Each structure stands twice: as structure tokens, then as C-alpha cells.
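# Pasting the sequence and the predicted model now:
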Amino acid sequence: MGYMTVQQDAVDFDISVRFKLDNLQNFLCTDGGDTENDSRMSAVFWPGYMLKVSRFTEGSSKQRKCRLSLYTLAGDRDAIPAVVVCATVNAQSLGGYSYFPKPLTKQAVFDNGRIALGTLLSQRTYETSSLMQEEDAVIVHVSLRSSNTPTPRATPTLNLIHRVLTAQPLSNTRFIAFRRRDSVGHLSCPRVFHANMGDLTSHYERLEGLLETAESMEGFELPRDARLDEYTLACEQYEHDSDFEPEEDEDEEDGDMVVIKSEPRKKAAARDRPKPCTKTLEDSLVAEGAHVLDNSRSDANASMYSSSSSFDVIQHKNDIESDLYTNSDFDGTTIVLLGTASRTWEALLYYLYTGFIEFAPFRMQNTPRQNATVAQHNGEHVDRPTPPSCRSIYRLAHKLELEGLRKLALQFLESQLTPDILLTEVFSEFTARYEEIKEMELALVVRYWSLLKSSAAFKDKMVQVTSGRVPFAADIISEIMLRVSAKNG
């Protein structure tokens, strides 16, 4: 019988298992034995997982502890998709008493078929619990849920659909992000997106950062009685490959611009600059549902500053008509994002509700080919987000610890790195910032080395390196030489 190769693209599960860990005194308190090999393995359970409890010692006191790990069956692991597993672990007495004040939780990606879930028990815990010593055993409850990608069947999406069908309020939380950024950092063309953070954060771990803008990204919370134009709207930490669109030529927009007479600003006025969002997640979450709904696809163009002392604010007419520049009657939490482009944010929220994301063709800068491809996509899919840059999504997913989304962006970036652009990428600031990106690109350099070493592009890059025009060159060159030597040696 012939066999067919199968590539599994997704996995979805919600599993609860329990097992008895007994003879704890011998396991945690007895001297001797090989602590590394003194472990206990569970039977295999669907869909091919096993749990392992192993002993280890920690610190100068040689305090014994036991670690719980999750394994997959050995096999062709390359054919298994990258699965982010959300685990919840609790240890109870034989009578049901919980030894943990709160369950142990862990979210991680399978790495070579294994995930370390964390420390389950310690010698100190055993010695301070008379009940545990009397029973000399615990019942361990483990819940495992796949979280490799959101799906339309997920609770947040189903709740949203039901609210739409029953005409319930859709949102009490909105995000304002900007489409354009000029050469000095001023932002314009605001767009509004709504999302039910109560649903999303209860279903997907690590999403608290969507509201904690002071910790995870540049932004602030807009008070309910404030207007957007009372704040300095600028992106200080600009990435040249972000999804912000550059300003259009001023000459082409003059017919749509109006000049507003400036008024003296109070020195150090509270609203002359953004205030960071300091609310906790619990303070900011809302009970009502929400929708990844862009209800402000305003084509507003940039707010710009003139060199004149009498007239310093130039706005597009549509900006002035937007309720974001007046006293809005929106009764809810508003988060203003300064460091994330509206295209990136819309794609993120759409992904969280649907599990779908499509990236723009890889680019070093805005190019006619890339722009034409995006325009074609928008024409064919008017009700979907504009494809974002994979690097912008990678940065955002890295900040918010969204492992599944980060992996998707990484895989797309790798698929786009041909030999002719690899040399530029491997020496970039983006690569220097993320170890995972650097490792992937260095592996590609070694793979393509026979083509790269004699290419004109490599010779040009070496000239730039030796002249000091490449800031992150020394470490990269050293790594390339070491890896190529190891491969050939």
C-alpha cells in the first residue's frame, strides 16, 4: 500500500486531564538517585500528548522541586503546525482541597515537541502541608487549549454576531489610530476601530496590552470630555518599514487645506501633550459587545505645522468635520494609538475575530509594485483590511506576546527573503533587534552562500561595512563566517 504525505495546517482542541502523583515523600525528600532521570511519564492521551513530572534541585539549599512538562509523540514534527498551547494546572488533595492559591497558567509554543509548563510542587510545600504529608499524594488537574490561531467559531466572534442580530450595543471601547505620518512625525487621517476587550481578553491570553498603552506601545487614553486636536499627535519612535503612509505632496492638497489661526497655548498645559494610559485592565474592560468595525474611514489628510507664527495649523477639511476634532458624544473608553498605524491595528483586530490575516508583499520601501498589489487587493476585497507589513505585525505581536500571530509573520517574512534582498535584511536594524529573526536570516545566508559570496551585491555590502555605513555589521559578519566555516569544515 502506498502512503501519502500530509501537511497539517491547523489544530483545535480543549482538553482536561487529571492524574495522581503519589509517593511524594520519596519523590521530593529522599536523597540520592539521578534527579535528571528520576521522572514519571503519563500514558498517551489524545491528540498524542504525554505529561512528564521530573525532579530537579534549585539554589544553594538544594531545595527539591518537580517540574511538569508536556510532550508530543515522536514523529514527523515538521508536518505539525506551530501550536500555541494554553495550559492551566492545579494540584488538589484526594478530597478536593486546592493547594494553589490560584492555578498555574502557561502559554507557550511547542519547541521540539516539548513545553515546560512550570514548577508543580516543591519540597518546602510538601513539608509545610500536614494534609499532603498524610496523604502522600496529590491529584493534578491539567486543562489544555489550543491557541495557535483565532477562528470565527471563537466566543468573541459568536458573541459579536449575536449582538448584531439582536441589535444590541456593539461597543463601549474604541481605538483611534492614524493612517499618515509626515517627515517630522506629525500624525493625521485618524480612523476608529471598536473591539470588545472583555470578550477578547477573557478568551485570548496576553491581550491585556491592547489597553495598557503606556506599557506596550506609544499611546494614551483620551478623556471623555477632550478633543483630539487638544493633544500633540506625533509618533516619536518611527520605523521606516511601518505601515504609516507618507504625506502626499503639499501642492496636490492645497485645494483641500484650510488654515486655522493659532491661539496662544498655555505653558505646560496638561492637554498640550499626551498622557499615558494608567488604568488597569479591570478598570478599562467593558461589558458591552464590540465589533471590529471601522466607523470612521475618513480620508482626512494631515495636520501640518506652518513656519508662520500667526497661522500654524493646517488641516484637511474632512479632519475639521470629523467628530474626533470636536467634543464627541462617545460614551466609553477611547485609546489613542500613536506608534501603530491604522492599517496594522485594523489587521490585528480582524485577525483576533476571524483568524484571518493577509500580508502585503515584502518591501524595503514603498514601491509601485507593492502599492499596485495592495490596491488590487482592496478592489477585490472591499470588506477586508488592507494587507499590513509582516514586519509591523511581527513587532506588534512581539510586544503583545501573541505567539501564533508572531509565527505567521515570521513564516511570511522567511518566504519573501530571496538572495537578492537577503543581504540588505540581515544587516538591518530590524534583524539586530530580534534574535529569532537574526537566526532565521543567518540560516538563509548559509543556505544561499554559494550564490551570495561571488555576487555584486555582497561586494557592495562589504564596501559599506568596511566604510562604517552599516551600524550592526560586526556581529553579523562574524556570525556568517563562523557558520559558513562550520558548514564547510
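Nice, thanks for sending it over.

# so residue 437 sits in a helix?
Yes: under the criterion used here (DSSP: H, G, I helix; E, B strand; the rest coil), residue 437 sits inside a helix.

# unless I'm mixing things up, it is touching residue 431, no?
Yes: contact criterion CB atoms under 8 Å: residue 437 and residue 431 qualify, at 5.1 Å. (Glycine included, C-beta is placed from N, CA and C.)

# For stretch 171-185, could you pull out the residues that count as buried?
For stretch 171-185, a neighbour-count test (16 or more other CB atoms under 10 Å) marks 171, 172, 173, 174, 175, 176, 177, 178, 179, 180, 181, 182 as buried.

# Tell me the one of those nearest residue 90?
The closest of those to residue 90 turns out to be residue 173 (CB to CB; 31.7 Å).

# The closest one and residue 84: what is the separation?
With distances taken as CB to CB, to the nearest Å, residue 173 is found 25 Å from residue 84.

# what is the mean pLDDT for stretch 466-482?
Per-residue pLDDT values across stretch 466-482 average out to 83.

# ditto for stretch 46-60
According to the model, stretch 46-60 has a mean pLDDT of 86.

# which regions of the stretch 301-450 of the chain lie under the pLDDT threshold?
By pLDDT under 70, the weakly predicted segments of the stretch 301-450 of the chain are 301-323, 363-378, 381.

# Strands along that one, start to end?
304-305, 311-316, 333-341 (DSSP state E, counting those that start in this stretch).

# for stretch 327-346, how far is the first residue from the last?
25 Å (CA to CA, to the nearest Å).

# From here on, call the first residue 349.
Noted, 349 is the first residue going forward, which turns the last one into stretch 675-694.

# Let me see the contact set for the closest residue to residue 794 other than its chain neighbours.
Closest residue in space to residue 794, ignoring its immediate chain neighbours: residue 831 at 5.0 Å, by CB to CB, 6 or more residues apart in numbering. By CB atoms under 8 Å, 6 or more residues apart in numbering, the contact set of residue 831 is 790, 793, 794.

# Now, of the residues you listed, which are buried?
790, 793, 794.

# ok, of those, which one's closest to residue 750?
Nearest to residue 750 out of these is residue 790 (CB to CB; 24.6 Å).

# Wait, the closest one touches residue 826, no?
No: here residue 790 does not reach residue 826: they are 10.7 Å apart, not a contact under CB under 8 Å.

# Need the residue closest to the centroid of this structure.
Closest to where the C-alpha atoms of the chain average out (CA atoms, centre = their mean) is residue 745, at 1.4 Å.

# And that residue, how far from residue 797?
Per CB to CB, residue 745 is found 30 Å from residue 797.

# The residue nearest to the centre of the chain: what's it in contact with?
751, 753, 754, 757.

# Can you identify each of the helices in the stretch 699-837 of the chain by residue range?
If DSSP state H, counting those that start in this stretch is used as the criterion, the helices of the stretch 699-837 of the chain fall at 716-728, 738-748, 751-764, 767-774, 777-781, 783-795, 797-800, 804-814, 821-836.

# what's the closest of these to residue 541?
When the helices of the stretch 699-837 of the chain are compared (using CB to CB), the closest one is helix 738-748, at 13.8 Å.

# and the angle for the closest one with strand 681-689?
Put simply, helix 738-748 runs at 130 degrees to strand 681-689, going by axes from the mean of the first three to the mean of the last three CA atoms, to 10 degrees.

# Next, the buried residues of helix 738-748.
By neighbour count on 16+ other CB under 10 Å, the buried set for helix 738-748 is 738, 739, 740, 741, 742, 743, 744, 745, 746, 748.

# for those residues, which one is nearest residue 481?
Relative to residue 481, the closest of the buried residues of helix 738-748 is residue 748; by CB to CB it sits at 42.8 Å.

# how much space between the closest one and residue 470?
Where residue 470 is concerned, residue 748 sits at a distance of 32 Å (CB to CB).

# now residue 504
Per CB to CB, residue 504 is found 37 Å from residue 470.

# who has more neighbours, those two?
Neighbour totals were compared for residue 504 and residue 470, and residue 504 leads with 23 against 15 (other CB atoms under 10 Å).

# hang on, residue 522 packs against residue 540?
Yes: applying CB under 8 Å as the test, residue 522 and residue 540 come out as touching, 5.4 Å apart.

# Is residue 516 within a helix or a strand, and which one?
Per DSSP states H and E: residue 516 is located in neither a helix nor a strand.

# can you count the residues close to residue 698?
Taking other CB under 10 Å as the criterion, the count of residues near residue 698 is 21.

# Show me the helices in the stretch 499-648 of the chain, by range?
For the stretch 499-648 of the chain, the helices defined by DSSP H, counting those that start in this stretch cover 503-513, 545-551, 561-564, 598-601, 629-632.

# Next: the stretch 349-498 of the chain.
Under DSSP H, counting those that start in this stretch, the stretch 349-498 of the chain gives helices at 372-377, 471-475, 478-483.

# how close does the residue of the chain positioned farthest from its centre get to residue 447?
Centroid-distance maximum for the chain: residue 482 at 45.9 Å, with CA atoms, centre = their mean. Computed as CB to CB, the residue 482 to residue 447 distance reads 13 Å.

# Residue 387 reaches residue 404, doesn't it?
No: applying CB under 8 Å, one finds residue 387 not in contact with residue 404, separated by 9.7 Å.

# and residue 741, what is it in contact with?
Each residue near residue 741 by CB under 8 Å, 6+ apart is listed here: 692, 695, 696, 705, 707, 753, 756, 757.

# if we can go back for a sec, ok, the contacts of residue 831 vs residue 766, which is closest?
Of the contacts of residue 831, the one sitting nearest to residue 766 (CB to CB) turns out to be residue 793, at 12.2 Å.

# shouldn't that closest one be in contact with residue 774?
Yes: here residue 793 reaches residue 774: they are 5.8 Å apart, a contact under CB under 8 Å.

# what is in contact with the two at once?
Common neighbours of residue 793 and residue 774, counting by CB under 8 Å, 6+ apart, are residue 828.

# And for the nearest residue to residue 402 once chain neighbours are set aside, the neighbour number?
Nearest residue to residue 402, sequence neighbours excluded (CB to CB, 6+ apart): residue 387, at 3.7 Å. Other residues near residue 387 number 16, with proximity taken as other CB under 10 Å.

# same check, this time on residue 586
Number of residues near residue 586 (other CB under 10 Å) recorded here: 14.

# Roughly how far does it sit from residue 532?
As for residue 586, its distance to residue 532 is 10 Å (criterion: CB to CB).

# same deal with residue 769?
Residue 769 is 29 Å from residue 532, by CB to CB.

# okay, now the domains of the protein?
Using automatic domain parsing, the domain parsing of the chain gives 362-494, 503-706, 765-836.

# Buried deepest among the ones you listed, which one?
For the domains of the chain, the largest average neighbour count (mean count of other CB atoms under 10 Å) is found in domain 503-706, namely a mean of 17.

# Does residue 536 touch residue 527 like I think?
Yes: look at residue 536 against residue 527 with CB under 8 Å: they come within range, at 7.5 Å.

# How far away from the center of its chain is stretch 672-680?
Chain-centre distance of stretch 672-680: 29 Å, with CA atoms, centre = their mean, to the nearest Å.

# Report how far apart the opening and closing residues of that stretch are.
Terminal residues of stretch 672-680 lie 14 Å apart, using CA to CA.

# what do you get for stretch 468-476?
15 Å.

# pLDDT of that stretch, averaged?
Here the average pLDDT along stretch 468-476 is 92.

# now stretch 412-429
Stretch 412-429 carries an average pLDDT of 76.

# Alright, I will stop here.
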